[in-house]
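Chemist: After the sequence you'll find the predicted model.
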Amino acid sequence: NQVEFAGELGALLMWQDKLSATLGVYNLPKEEAIKAMIECLAVESAETLAHFLTKTKPWKPQTVNMDEVKEEAIDILHFLLAFFNLMEMGPQDIVEEYRRKNLINYERVSAKMAALKASQNEAN
């Protein structure tokens, strides 16, 4: 079974590959397709954020519908998976890049937190 072999992330990438092919993503020049996926990521991110921007619009419901937020977040995932497919990144590539970048981010945060603590100690 291809899903078991590829794991859940691999299955998502395969399903997105089929959807992207159906939508004609692969008919675009590669760089144009990549740019389109990044544009779609930006739009879907803004649509996700829009659910929280009601404080100055009293005519809109002031309660955020989290089911709608989740649906928008899944749209983000669709375009992110399409981007990974266009970049020819498989599950292992994605996990390795995530881990690599996560370590960098953790080191940055640790250094900044240490500097903050040092400056707070100096102030006391």
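Modeler: Structure received. Residues are numbered from 1 along each chain as shown.

Chemist: Tell me the helices and strands packed up against the strand or helix carrying K18.
Modeler: Using DSSP states H and E, K18 sits in helix 2-23. Taking 3 or more C-beta pairs under 8 Å, 6 or more residues apart in numbering; DSSP states H and E as the contact definition, the neighbouring helices and strands of helix 2-23 are helix 66-86, helix 91-123. Placement of C-beta: from N, CA and C, glycine included.

Chemist: Could you tell me the least trusted of those?
Modeler: Set side by side, the helices and strands packed on helix 2-23 differ in mean pLDDT, and helix 91-123 is lowest with a mean of 94.

Chemist: Just want the angle from that helix to helix 2-23.
Modeler: Between helix 91-123 and helix 2-23, the angle formed by their directions is 90 degrees, by axes from the mean of the first three to the mean of the last three C-alpha atoms, to 10 degrees.

Chemist: coming back round to it: list the buried residues of the helix holding K18.
Modeler: For helix 2-23, burial by neighbour count (16 or more other C-beta atoms under 10 Å) applies to 6, 10-14, 16-17, 20.

Chemist: Render the CA-only coordinates of that helix in CSV, please.
Modeler: Extracted as CSV, the C-alpha positions of helix 2-23 are listed here (Å, rounded to 0.1, in the frame of the first residue of the first chain):
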residue,chain,number,x,y,z
GLN,A,2,1.5,3.3,-1.1
VAL,A,3,0.0,5.2,1.8
GLU,A,4,1.7,2.9,4.4
PHE,A,5,5.0,3.1,2.6
ALA,A,6,5.0,6.9,2.3
GLY,A,7,3.4,7.6,5.7
GLU,A,8,0.7,10.1,6.4
LEU,A,9,2.7,13.1,5.1
GLY,A,10,3.5,11.1,1.9
ALA,A,11,-0.1,10.3,1.5
LEU,A,12,-1.1,14.0,1.8
LEU,A,13,1.6,14.8,-0.8
MET,A,14,0.2,12.1,-3.2
TRP,A,15,-3.4,13.3,-2.8
GLN,A,16,-2.3,16.9,-3.4
ASP,A,17,-0.2,15.8,-6.4
LYS,A,18,-3.4,14.3,-8.0
LEU,A,19,-5.4,17.5,-7.2
SER,A,20,-2.7,19.8,-8.6
ALA,A,21,-2.6,17.7,-11.8
THR,A,22,-6.3,17.9,-12.1
LEU,A,23,-6.2,21.7,-11.6
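
Chemist: Please consider this matter closed, and thank you.
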